[in-house]
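Any chance you could fold what I've pasted below:
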Amino acid sequence: MASKTRDRLIEVARQLFARKGVENTTMLDIANASEKGRRTIYTYFKNKREIHQAVIERESEQIVSRQRQILDSDTSATGKLIDFMRARLEIVKCPTGRFLSENVADMLRLDFKRAEKTRRLAAKKEVEILREILREGVEAGEFSPSQARRAGALIVVVMQGFDHPAVTAGLELSGFDRTDSEEAVIAFIVNGLRQN
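The predicted structure is shown next:
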């Protein structure tokens with residue numbers, strides 16, 4: 001029960017932060033929207049900064065949850081890497097294939113600092129997952145050790161490049177299809193890591 005209450009408070013705070021911004025959201029707003037008393041909120045969180053940090057942690061975990069499943073799969077390291085990159089590229093696409101879902105767009109517009117903190121925390125987690133995939137690939141003889149050492153953070157940065165509207169718009173203006181471009185980047189990275 002306690003975990004459900006905490007989760008509910010985090011979700012309500014996330015929605016309020018996305019809609020109103022962190023600065024314009026009060027603990028009373030969170031209490032009212034969650035239909036809990038302020039005392040209940042303070043049982044779980046000392047202050048708004050702490051609930052804000054919990055929201056960031058939750059959002060970063062949501063970003064990397066699919067990658068964690070891929071890491072735990074029985075696929076080869078090369079297969080895991082390809083699946084990891086494809087999953088990462090799908091994160092900001094909404095079902096229509098446009099750039100950002102409405103909630104993410106609202107978050108970026110109203111709370112850029114939170115979005116950046118979430119991205120940085122998720123990127124750290126992604127690098128850890130990638131390092132494990134790359135380690136598996138080196139041990140299995142699929143990846144070059146020297147290339148794998150350099151690749152972890154670089155892959156995350158390349159994947160994040162597709163998050164920015166300017167990159168997507170630039171691809172479209174240049175006549176490139178986003179999906180084809182994504183697959184070309186994935187193939188380039190995988191081929192660059194292969195053991196010679």
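
Work out for me the element residue 74 sits within.
Counting by DSSP states H and E, no helix or strand carries residue 74.

For it, give me phi and psi.
Note on residue 74: its backbone torsions stand at phi -90, psi 10 [degrees, to the nearest 10].

what's the distance between it and residue 83?
12 Å (Cβ to Cβ, to the nearest Å). C-beta: built from backbone N, CA, C; applies to glycine.

Hmm, residue 136 and residue 80 touching each other?
Yes: the pair residue 80 / residue 136 is scored as a contact, 7.2 Å apart, by Cβ atoms under 8 Å.

When these two are compared, which one has more neighbours?
Of the pair residue 80 and residue 136, residue 80 is the one with more neighbours under other Cβ atoms under 10 Å, namely 24 against 19.

picking that back up, pick out whichever of residue 74 and residue 83 has more residues nearby.
Ranked by neighbour count (other Cβ under 10 Å), residue 74 and residue 83 place residue 83 first, with 19 against 6.

what does the one helix or strand the more buried one maps to contact?
Using DSSP H and E, residue 83 sits within helix 77-90. Applying Cβ atoms under 8 Å, 6 or more residues apart in numbering, the contact partners of helix 77-90 are 66-67, 70-71, 73, 75, 126, 129-130, 133-134, 136-137, 140, 142-143, 155-156, 159, 162, 182, 185-186, 189-190, 193.

what's the neighbour count on residue 119?
19.

Return the residues in contact with it.
Applying Cβ under 8 Å, 6+ apart, the residues near residue 119 are 160, 163.

after the helix ranked longest in the chain, next one along is what?
Secondary structure of the chain per DSSP state H: the longest helix is helix 112-139. Downstream of helix 112-139, the first helix or strand assigned by DSSP H and E is helix 145-161.

Compute the inter-axis angle for that following helix and helix 77-90.
20 degrees (axes from the mean of the first three to the mean of the last three Cα atoms, to 10 degrees).

from memory residue 132 sits against residue 71, does it?
Yes: the pair residue 132 / residue 71 is scored as a contact, 5.9 Å apart, by Cβ under 8 Å.

now residue 179: how far from residue 185?
Counting by Cβ to Cβ, the gap from residue 179 to residue 185 is 11 Å.

Give the buried subset of the contacts of helix 77-90 as a PyMOL selection command.
To isolate the buried ones among the contacts of helix 77-90 in PyMOL, judged by 16 or more other Cβ atoms under 10 Å, type:
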select buried, resi 66+67+70+71+126+129+130+133+134+136+137+142+143+155+156+159+162+182+185+186+189+190+193
